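S.K.: Below is the sequence, then the predicted model.
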Amino acid sequence: MSMGSKRYQTFFADLKRRQVFKVAAVYGAIAFAVMQAADFLVPALRLPDSVATAIALLAIIAFPFAMALAWVFDLTPKGIVRTDAADSGELEAIVAQSAHRRWPAGLLAVAGTALLVGGAWWVLGSGSSAGADEPGRTKLVVLPFQNLGPSEHEYFADGIAEEITSRLAVIAGLGVISRTSAIQYKGTDKTLQQIAQDLDVDYVLEGTILWQERPDAPSRVRVTPQLIRVSDDTHVWAERYDAVLADIFEVQSSIARQVIEALNVALLEPDRERLETRPTDNLEAYDYYLRGNDYAVRSISPRDLEAAIRLYGRAVELDPRFAAALAGLAKVHLQYHWFGYAKDEDHVTPAKAAADRAIALAPDLPDAHIALGFYHYYARQDFEGALREFDIARQARPNDSELWSGIAYVNRRQARWEESLAAQARALELDPRDYELTWNQGLTYHLLRRYEEADALYDRAVSLAPDATDAYVMKAVLYAGRNGGTEPLKDLLRTVTAVSDPALFFTQLLTLTAETAVFRIDVDYQAGLSQLTKDQPGLSASSYFLSRTGYFGTETTAELEHAYYDSARAALEAGMDNSRAGAIARAQLGIAYAGLGRDDDAIRIGRAAVEDLPVDYNALEGTFMVRTLAEIYVMVGEPELAIEQLESLMSVPSFLSSEQLRADPFWAPLRGNPQFEALLTRR
C-alpha cells in the first residue's frame with residue numbers, strides 16, 4: 001500500500017472517529033428545518049424576500065464552522081475534550097468505557113448551528129421591527145384620474161383611482177400616498193416634479209378614464225394609466241385598458257400588479273390574493289359604494305355623513321354580502337356619533353352590526369377591522385380593543401394613513417407619547433397634506449409642552465386650510481399657555497376674523513371646556529363670546545349658558561348669573577349620561593352646582609368625573625376632569641385641594657402651564673399660597 005493511500009485511509013478513519021460525517025448529517029437536517037421555517041415565516045410576517053436569502057447564505061457560511069468544531073473537539077461523558085489534548089487511544093478508551101452512555105453525535109452540531117439559528121433570529125427580528133417604516137421604500141402617489149366623460153362621472157374617476165391606491169397600499173415595500181393628499185392635485189397646474197417634491201415621492205401614477213354608459217349594451221370603461229419616474233420624467237410603464245364595466249375589478253388588479261412589477265417590488269402570496277379581490281358581483285351596488293366613498297371623504301359635516309350613510313346603505317341593500325360597503329357604513333355611523341351629531345346609541349348600534357357583519361363575510365378585510373377598531377375607540381373607549389383591531393388591519397394594509405392616525409390617537413390617550421408621535425409621523429408620511437393629521441400632531445407636541453414644535457405644525461395646518469378653524473383654536477390655547485399674554489391672542493383673532501368664520505372659531509374654542517382661560521385672559525375673546533347665540537350650530541345649550549357666567553370671565557348681575565348657572569344645570573341633568581364618554585358633561589355639571597352654591601354636590605360630581613375618566617386611563621380627556629375639579633375647589637373655597645389638583649396636572653402632559661396660571665384671573669384666590677407660587681416657577 002502506498003504512503004498516499006495510507007494517508008487517505010487514516011484521514012477518513014479520523015473523520016469517522018471524530019463523527020464529522022454524523023455532524024454534517026445533523027447540521028444539514030437542522031439547516032433544512034430552519035430554512036423551511038423561514039419559507040413559512042417570511043411571507044406570514046410580511047418580511048422582504050431578502051430575509052430568506054440571508055438565512056440561506058448564513059447556512060452556507062456556518063457549515064465550515066460546524067465541520068471545524070467537529071474535527072477539533074470530541075464530546076465524551078466527561079464533557080467536551082479537545083482532540084489534540086489526548087491521544088486517540090485514550091479517547092477511544094473513554095468512549096468504550098461508557099458506550100452505554102454515548103453522547104449523540106448531533107450535539108456536535110449545536111455550536112456550528114448556533115451561528116445559523118442566531119443569525120436567522122437576528123435577521124427575522126430586524127426585518128419585523130423595520131416593517132413599520134422600512135427605510136428605502138419606493139414611494140408612489142396615484143393622482144386622481146382625469147375624467148373624459150360627463151361631469152357627473154367625476155366620482156367614478158376619483159373612485160377608481162382610490163381603489164387602485166387601496167390595492168397598492170397592501171404592499172409593504174411601497175409607500176403609497178393617501179387619497180386625502182392626492183386629491184388636492186385634481187386639476188392642478190403644478191408639474192409632476194412639484195407634486196413629487198410636495199409629497200416626497202419617487203413615482204407618479206396618473207391616467208384618464210372614460211365610462212361609456214350604453215342603454216342597449218353593456219357599459220364600457222377605458223382606462224389609460226401611465227407610471228412616471230419623477231427624477232428623469234421617464235414613462236416606466238403605460239397601458240390602455242378597454243373593457244366592459246363588469247371587468248373593472250380585473251382592470252384595477254392588473255394596473256396594480258403591473259405597477260408593482262415595473263417597480264420591482266416583491267409581491268408575496270397573501271398580497272397577490274388581496275390584489276385579485278372582487279368586492280361584489282353587483283355593479284349597481286358598487287356604483288353606490290363609490291358614491292358613498294365620495295361623500296365620506298368630502299367633510300365631517302352632518303349633511304355629507306348622512307349622504308354617505310344613505311349611499312352605503314343602498315349598496316348593502318343591493319348586495320347584503322358586500323363587506324367593503326358594510327365597513328364604510330360602520331365608519332360613517334361612528335363618525336356621526338363621535339362628532340356629537342346624535343345621542344346615545346342611535347348610530348353606535350348599526351355601526352357595530354355593520355362592522356361585525358363585514359368581518360363575518362370577509363375576515364381578512366382591513367377596512368372591516370379598522371371599522372371595528374374605531375367602534376372600540378369612539379363608542380366604548382376600549383383602547384386595547386381598538387389597538388387589537390388596528391394591528392390586524394396593519395398586517396394586511398401597512399400603507400393606510402387612517403389606520404396609523406387611529407393608532408396614534410389611541411396611543412395618545414394611553415399616554416404612550418413616543419409611540420403616538422411615531423404613528424402620527426407615519427400617517428403624515430402617507431398623507432402629508434392632510435390638515436387634520438397635521439394639527440393633531442401639533443396637539444400632541446402641545447400637550448407635551450413642546451410649544452415651538454406645536455406652533456410650527458399649527459402654522460403648517462393653517463397653510464393647508466387657511467379658512468378652517470381647528471388650528472386657529474389650538475393656536476389660541478397655545479398662546480394662552482406659552483405666552484400668558486394677550487398680544488399674540490389679539491393678533492390671532494384679527495387673522496381669524498379676516499380669513500375664517502369667527503362664530504365657528506368661538507364655538508369650537510368654547511366647546512373645548514378646559515380652555516376657559518383664553519376667554520378670561522383677553523377681553524376681545526370675551527366680546528366675541530358674547531356675540532354667540534343659543535341657536536349657534538354646534539353649540540350645546542349648557543356651554544352657551546355657562547359662557548354667560550363668571551366662570552368664563554363674563555361680567556353680569558348676580559341674579560342673571562344664577563339664572564344662567566341654573567339653565568346650564570337643567571340642560572346637563574336632562575342629558576345625563578353615566579358612561580365614560582359622558583364624564584366631561586358631568587364635570588360641567590359640577591361647575592354649574594358650584595355656581596349655584598351647591599358645594600357638596602359640586603365636589604361629589606367633580607370627584608366622580610375624575611374617577612370615571614382618570615388620567616391613567618385617558619391621558620387626554622382625563623386632564624380635563626382634573627382641571628375642572630381644581631376649578632370647582634376654587635369656586636367652593638377649597639384652595640389647598642385645588643392646588644393639589646393643579647400640582648398633579650403640572651406633573652403630566654396637559655394644556656396647563658405656569659404662564660397660564662399666572663395670567664388667568666380665575667386663580668387669583670390661590671395667589672400668595674407658597675405651594676401655588678411654586679407652581680408658577682415650573683416649566
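M.R.: Arrived safely, thanks for sending.

S.K.: Checking the most centrally placed residue in the chain next. Helix, strand or coil?
M.R.: In the chain, the centroid-proximal residue (CA atoms, centre = their mean) is Trp404; its distance is 1.9 Å. Assigned with DSSP: H, G, I helix; E, B strand; the rest coil, Trp404 falls in the helix class.

S.K.: Check Gly538 too.
M.R.: Remark: Gly538 carries the secondary structure label coil [criterion: three-state DSSP].

S.K.: That one - nearest residue in space that isn't next to it in sequence?
M.R.: The shortest distance from Gly538 to any non-neighbouring residue, by CB to CB, 6 or more residues apart in numbering, is to Thr507 (5.2 Å). No exception for glycine: its C-beta is placed from N, CA and C like everyone else's.

S.K.: residue contacts, the residue nearest to the centre of the chain?
M.R.: Applying CB atoms under 8 Å, 6 or more residues apart in numbering to Trp404 gives the contacts 394, 423-424, 426-427, 430.

S.K.: Among these, which pair sits farthest apart?
M.R.: Arg394 and Gln424 (14.7 Å; CB to CB).

S.K.: returning to that earlier point: please give the element, helix or strand, for the residue nearest to Gly538.
M.R.: helix 502-511 (DSSP states H and E).

S.K.: which outside residues touch the next helix or strand after that helix?
M.R.: Where DSSP H and E defines the elements, the next helix or strand beyond helix 502-511 is helix 517-521. The set of residues external to helix 517-521 that reach it, using CB under 8 Å, 6+ apart, is 476-477, 480-481, 484-486, 489, 509-510, 525-526, 529, 547, 552-554, 660, 663-666.

S.K.: how far is helix 517-521 from where the chain is centred?
M.R.: Taking the mean of its C-alpha atoms, helix 517-521 sits 33 Å from the chain's own mean (CA atoms, centre = their mean, to the nearest Å).

S.K.: what does stretch 383-391 give?
M.R.: The chain centre lies 11 Å from the centre of stretch 383-391; the measure is CA atoms, centre = their mean.

S.K.: Could you list the buried residues of it?
M.R.: For stretch 383-391, burial by neighbour count (16 or more other CB atoms under 10 Å) applies to 383, 385-387, 389-390.

S.K.: With secondary structure added, can I get the residues you listed in JSON lines?
M.R.: Shown next, in JSON lines, are these (three-state DSSP):
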{"residue": "Phe383", "secondary structure": "helix"}
{"residue": "Gly385", "secondary structure": "helix"}
{"residue": "Ala386", "secondary structure": "helix"}
{"residue": "Leu387", "secondary structure": "helix"}
{"residue": "Glu389", "secondary structure": "helix"}
{"residue": "Phe390", "secondary structure": "helix"}
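
S.K.: Columns distance to Tyr633 and pLDDT on top of those residues, output as CSV?
M.R.: Below are these laid out as CSV (distance: CB to CB, whole Å; pLDDT from 0 to 100):
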residue, distance to Tyr633, pLDDT
Phe383, 29, 97
Gly385, 35, 97
Ala386, 34, 98
Leu387, 35, 98
Glu389, 40, 98
Phe390, 38, 98
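
S.K.: Name the nearest of these relative to Phe676.
M.R.: Phe383 (33.8 Å).

S.K.: Can you tell me how far that closest one is from Arg580?
M.R.: The gap separating Phe383 from Arg580 is 11 Å, by CB to CB, to the nearest Å.

S.K.: Equivalent analysis for Gly340, please.
M.R.: Distance, Gly340 to Arg580, by CB to CB: 15 Å.

S.K.: Between those two, tell me which one has more neighbours.
M.R.: Counted by other CB atoms under 10 Å, Gly340 and Arg580 do not tie: Arg580 has more neighbours, with 16 against 12.

S.K.: I'd guessed the more buried one sits against Glu611; true?
M.R.: No. Here Arg580 does not reach Glu611: they are 10.6 Å apart, not a contact under CB atoms under 8 Å.

S.K.: ok so, going back, closest one of the contacts of Trp404 to Ser654?
M.R.: Looking across the contacts of Trp404 and measuring by CB to CB, the closest to Ser654 is Gln424, at 18.4 Å.

S.K.: Remind me which helix or strand the closest one belongs to.
M.R.: Counting by DSSP H and E, Gln424 is found in helix 417-430.

S.K.: what's Leu457 in contact with, if anything?
M.R.: For Leu457, the contact set (CB under 8 Å, 6+ apart) comprises 438-439, 441-442, 445.

S.K.: Look up which helix or strand Gln335 falls in, please.
M.R.: Taking DSSP H and E as the definition, Gln335 sits inside helix 323-338.

S.K.: same check, this time on Gly622
M.R.: Here Gly622 is assigned to helix 621-635, by DSSP H and E.

S.K.: helices or strands up against the helix or strand that that helix is followed by?
M.R.: Next along the chain after helix 621-635, taking DSSP H and E as the criterion, comes helix 639-650. Counting contacts by 3 or more CB pairs under 8 Å, 6 or more residues apart in numbering; DSSP states H and E, helix 639-650 packs against helix 621-635, helix 674-679.

S.K.: Can you say which of the contacts of helix 517-521 are buried?
M.R.: 476-477, 480-481, 484, 486, 489, 509-510, 525-526, 529, 547, 552-554, 660, 663-664, 666.

S.K.: which stretches of the protein form strands?
M.R.: With strands called from DSSP state E, the chain shows them at 73-76, 79-82, 138-142, 146-147, 174-176, 203-212, 220-229, 234-238, 241-244.

S.K.: quick one: average confidence on the third one?
M.R.: When you say that, I think you mean strand 138-142. Average pLDDT, strand 138-142: 95.

S.K.: What is that strand packed up against?
M.R.: Contacts defined by 3+ CB pairs under 8 Å, 6+ apart place strand 138-142 against helix 154-168, strand 174-176, helix 179-182, helix 192-199, strand 203-212.

S.K.: What is the first one packed up against?
M.R.: Helices and strands touching helix 154-168, by 3+ CB pairs under 8 Å, 6+ apart, are strand 138-142, strand 146-147, strand 174-176, helix 179-182, strand 203-212, helix 248-262, helix 283-296.

S.K.: So for Arg214, what's the pLDDT?
M.R.: 79.

S.K.: just Ala66 next, same as before
M.R.: Value for Ala66, per-residue pLDDT: 61.

S.K.: same thing with the one 5 residues further on?
M.R.: pLDDT for Trp71: 53.

S.K.: hang on, the earlier thing: would you list the buried residues of stretch 383-391 in JSON lines and tack on distance to Ala307?
M.R.: Compiled in JSON lines, the buried residues of stretch 383-391 are given as follows (distance: CB to CB, whole Å):
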{"residue": "Phe383", "distance to Ala307": "31"}
{"residue": "Gly385", "distance to Ala307": "29"}
{"residue": "Ala386", "distance to Ala307": "27"}
{"residue": "Leu387", "distance to Ala307": "31"}
{"residue": "Glu389", "distance to Ala307": "26"}
{"residue": "Phe390", "distance to Ala307": "27"}
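
S.K.: how many neighbours does the residue nearest to Gly538 have?
M.R.: Around Thr507 there are 22 residues (other CB under 10 Å).

S.K.: what sits against it?
M.R.: Per CB under 8 Å, 6+ apart, neighbours of Thr507: 532, 536-539.

S.K.: So which of those wins on neighbours?
M.R.: Neighbour tally across those (other CB under 10 Å): the maximum, 20 neighbours, falls on Leu539.

S.K.: Run a quick check on it versus Leu510, I expect a contact.
M.R.: Yes. With contact defined as CB under 8 Å, Leu539 counts as touching Leu510 (6.9 Å).

S.K.: So for these two, which residues contact both of them?
M.R.: Residues touching both Leu539 and Leu510 (CB under 8 Å, 6+ apart) are Leu532.

S.K.: who are the neighbours in contact with the spatially closest residue to Leu646 that is not a sequence neighbour?
M.R.: In this structure, Leu646 finds its nearest non-sequential neighbour in Ala630, 5.2 Å apart by CB to CB, 6+ apart. Counting by CB under 8 Å, 6+ apart, Ala630 touches 642-643, 645-646, 649.

S.K.: Swap in 6 Å and give it another go.
M.R.: Contact analysis of Ala630 by CB atoms under 6 Å, 6 or more residues apart in numbering lists 642, 645-646.
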